[in-house]
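K.L.:
quick one: sequence and predicted model below, then my questions.
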Amino acid sequence: MATARFTTVPPAADRVGCRRPLLAGLLIVAGMVAPGSAEAAGPPAVPAAWVTGVTASSAVLRAEINPEGLSARYHFEYLTLAAYEANLEGGHEAFFGAAKAPVSDAGVGSGTAPVPVSFTLSAPVNPLASGTAYRYRTVAANEAGTKAGPVRSLRTRSTGSPPRLPDDRGWEPVSPVDKGGGAIARPGGLFGGGTIQAAAGGGALTYGSATAFADPVAAPPISQYLSVRGSGGWSTVNISPPMEAGGYGDQSDGAPFKLFSTDPGRGMVLNGRLCAVKGTCPPSYSLWSGGSFQTLPSAPGLRFEGATADLRHAVFGTDDGLYEWSGGALEQVSAVPATLAAPIGAVSGDGSRVYYTLLEDGPTYLYHAGVGAQPVPETVGGNAAFQGASDDGSLAYFTRAGHLYRFSAAAGTSIPIAAGVAGALAVSGDGSRVYYQDSSGLELWQEGTVKQIVPGAAVTLPSDYPPATGTARLNAGGTVLAFLSAAPIGDFDNVDAETGEPDTELYLYDAVAGSLLCASCDPTGERPAGSASMPGALVNGTTTAYRPRVLSADGRRLFFDTTDALVSSDTDSANDVYEWEAPGEGSCAEAPGCVGLVSAGRDEGGSFLDASADGSDVFFLTGDSLVASDPGSIDAYDARIGGGLLEPEAPIPCNGDACQPLPSAPDDPNAGTSVEGPGNRPPHYAKERQDHKHPGHRHKHRHHRHRKGGR
């Protein structure tokens, strides 16, 4: 595994090079200075610095230097990360005692445009140790002053061949070899649906395909499958419900299954009825459990809105209101048309509290079973957006007109938290923490205290929020946040090596340690060759009620996709699945963490599907044949800790005489030539053969032929 990158946010003087004065380079008249004069120039600028060609013992340091109109010279400074941190802890200048390369400053002319420069660090003059982290910077000077460029990091590659899979994982094909000539569908690839969901405990995965296979065979527009791991490996059944011809129409709701429980032993199913498609009967749903289907109560305009994780409480919208199902009849939540405030997080874990919104921009209400409904203050008048709630629904967060509010069900009041808020990324399970993006940066609010994680009005992506559908993730304890960013954060240059545009990287913030690191950045420090990604809520028809587990419950494992090759065994230039894990977790023994390849890193690569809650099972889709029994097609695989199934031994092919069956035994066991009679002389045996060796030899010979024929 490769060591993950630890990101610090250096002081502004280290992050940003000096910009040219506003008047520099302008043609000034009436006694003012002319362009290129000493008065118009300033210290040189270092707008960019990066590294390429990192090996176990060498690296090429690169930078762009703008002389700013005066003759300028430069050099690089570098030292180990350990020495860099020791300098900071000891109160020294960060690069105190750093090596200089080249030893004598090199010139870059006196122009006013950035000039590319480079220097190769290699033995014997500038040796680098393998598997070692370094910090470096560019220092440029002219008559107007000296300027240091941004602090960057590099890590030399380790010698030896690292294991292909981290944590002693083994690939196991989940979907069956025989798929009727079809393939497993990618998320959102079938009618905008095809539910993909893994068991929280691992060992089970449900997915869809446009092809009917497995037992029993069924063929709605999308066939749903459940694969379960047993002692002998993975077995698959087609759990698609019975349907009428044309019972799902050609709309996005052609995906029968909407959501599964965390087992996944229960599933919410849209019944395929032609009359519902034609509008002559109301839509209806069934609960799939243990192979059987229980039809639920129906109503005009019935639509699935959301449910609890165990699928024992579900919320449905109708033409005239909102209802909750808890095993019996539909119980009214709202007597007027309404929608669930969010597809995920608006229903408490026990189903007793439900947040809903009247109309599209109406006020938000909280329904409490046995108590009734109450409006959420500050949402009356509409245009409020529900962001998330605690697991028990007692605390909730919402935005309105750029302000973020916290609502307490017990007090029945809301308090303002922040202004200029674009959205919330995550809410902790106990409701005590909310992470949000405002005009200043990425912030953490915790019981009245605000802490800035990263500065910048656009440091996160709009896709990171809101919590119900966004890509950002929070661990079960609410202390580890994973988010995507295309902004330059810390000491990594995220400018794409080919396009020159910023790539998206995946970051982890630990609120307890107060640390921020880039999980998807190339550990060597080289510029990326593609962006990292992780899925938000998966679309299944008109439902977005599930988000795959990309972050383990304890926050110590994180899974993502990237086209960047983060380890040397990734050679396909395609999208692949990676794992980041914290020091001391699995096979990672290095701070601040390790990155390892989960998919093959060859040929077609792979795409992340889902993971178990602890990250022991990682499910991904690939067109590569990763085991001998897989002849091809697109399959679902599990990279399982301690996994890997025994492959059946291939039969030894027979050739020539070895394919002939053994002759049947003669009726008379005595050979004809040994029977005394007309034309036959009496049998004669040599003295040395009158023992048991001859029969024994014949028996061995027949046994030998039998073995040969059996090959």
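P.N.:
That came through, no problem.
K.L.:
just for the stretch 201-350 of the chain, where's the confidence low?
P.N.:
Applying pLDDT under 70 to the stretch 201-350 of the chain flags residues 217-221, 250-254.
K.L.:
how about the strands in it?
P.N.:
204-209, 223-230, 233-238, 257-260, 266-270, 285-289, 292-295, 303-307, 314-317, 322-325, 330-334, 338-340 (DSSP state E, counting those that start in this stretch).
K.L.:
any chance of a markdown table for those, columns mean neighbour count?
P.N.:
C-beta coordinates here come from the backbone N, C-alpha and C atoms, glycine included. Shown next, in a markdown table, are those (neighbours: other Cβ atoms under 10 Å):
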| stretch | mean neighbour count |
| --- | --- |
| strand 204-209 | 25 |
| strand 223-230 | 20 |
| strand 233-238 | 16 |
| strand 257-260 | 26 |
| strand 266-270 | 24 |
| strand 285-289 | 19 |
| strand 292-295 | 12 |
| strand 303-307 | 25 |
| strand 314-317 | 25 |
| strand 322-325 | 22 |
| strand 330-334 | 18 |
| strand 338-340 | 24 |
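K.L.:
possible to save those strands as CSV with distance to S573?
P.N.:
Shown next, in CSV, are these (distance: least, Cβ to Cβ, whole Å):
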stretch, distance to S573
strand 204-209, 26
strand 223-230, 30
strand 233-238, 30
strand 257-260, 35
strand 266-270, 38
strand 285-289, 41
strand 292-295, 45
strand 303-307, 40
strand 314-317, 44
strand 322-325, 49
strand 330-334, 51
strand 338-340, 42
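K.L.:
and A198, what does it touch?
P.N.:
A198 sits next to A204, L205, T206, P264, P548, R549, L609, D610, A611, S612, D617, F619 when contact means Cβ atoms under 8 Å, 6 or more residues apart in numbering.
K.L.:
picking that back up, of all the strands of the stretch 201-350 of the chain, which one is nearest G632?
P.N.:
Nearest to G632, of all the strands of the stretch 201-350 of the chain, is strand 204-209, at 15.2 Å by Cβ to Cβ.
K.L.:
angle of that closest one against strand 266-270?
P.N.:
Here the directions of strand 204-209 and strand 266-270 differ by 20 degrees (axes from the mean of the first three to the mean of the last three Cα atoms, to 10 degrees).
K.L.:
rewinding a little: most neighbours of all the contacts of A198, which one?
P.N.:
F619 (30 neighbours; other Cβ atoms under 10 Å).
K.L.:
direction included, what does the helix or strand harbouring it pair against?
P.N.:
Using DSSP states H and E, F619 maps to strand 617-622. Take DSSP bridges as the rule and strand 617-622 pairs in its sheet with strand 607-611 (antiparallel), strand 635-641 (antiparallel).
K.L.:
what about G131, how many residues close to it?
P.N.:
Burial measure for G131: 14 neighbouring residues, criterion other Cβ under 10 Å.
K.L.:
can you tell me which residues contact the closest residue in space to it that isn't next to it in sequence?
P.N.:
Spatially, and ignoring its direct neighbours in sequence, G131 is nearest to S158 (3.8 Å; Cβ to Cβ, 6 or more residues apart in numbering). S158 sits next to A56, S130, G131 when contact means Cβ under 8 Å, 6+ apart.
K.L.:
state the distance from S158 to V495.
P.N.:
Look at S158 and V495: by Cβ to Cβ, to the nearest Å, they are 26 Å apart.
K.L.:
how close does the nearest residue to T543 once chain neighbours are set aside get to W288?
P.N.:
Nearest residue to T543, sequence neighbours excluded (Cβ to Cβ, 6+ apart): K258, at 4.7 Å. Counting by Cβ to Cβ, the gap between K258 and W288 amounts to 11 Å.
K.L.:
any shared contact partners between the two?
P.N.:
Common contacts of K258 and W288 (Cβ under 8 Å, 6+ apart): G267, M268, V269.
K.L.:
now render those residues as JSON lines, adding distance to A2.
P.N.:
What follows is those, written out as JSON lines (distance: Cβ to Cβ, whole Å):
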{"residue": "G267", "distance to A2": "39"}
{"residue": "M268", "distance to A2": "41"}
{"residue": "V269", "distance to A2": "43"}
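K.L.:
got the phi and psi for the residue at minimal distance from the centre of the chain?
P.N.:
Geometric centre of the chain, nearest residue: F560, 2.5 Å, by Cα atoms, centre = their mean. Main-chain torsions, F560, degrees, to the nearest 10: phi -160, psi 170.
K.L.:
tell me how far it lies from D319.
P.N.:
Per Cβ to Cβ, F560 is found 42 Å from D319.
K.L.:
one more: K451?
P.N.:
Per Cβ to Cβ, K451 is found 46 Å from D319.
K.L.:
quick check: L88 is in a strand.
P.N.:
No. L88: not assigned to a strand; according to DSSP: H, G, I helix; E, B strand; the rest coil it is helix.
K.L.:
contacts only, for it.
P.N.:
A94 are the contacts of L88 under Cβ under 8 Å, 6+ apart.
K.L.:
let me know the pLDDT of it.
P.N.:
L88 is assigned a predicted lDDT (pLDDT) of 97.
K.L.:
understood, closing this out.
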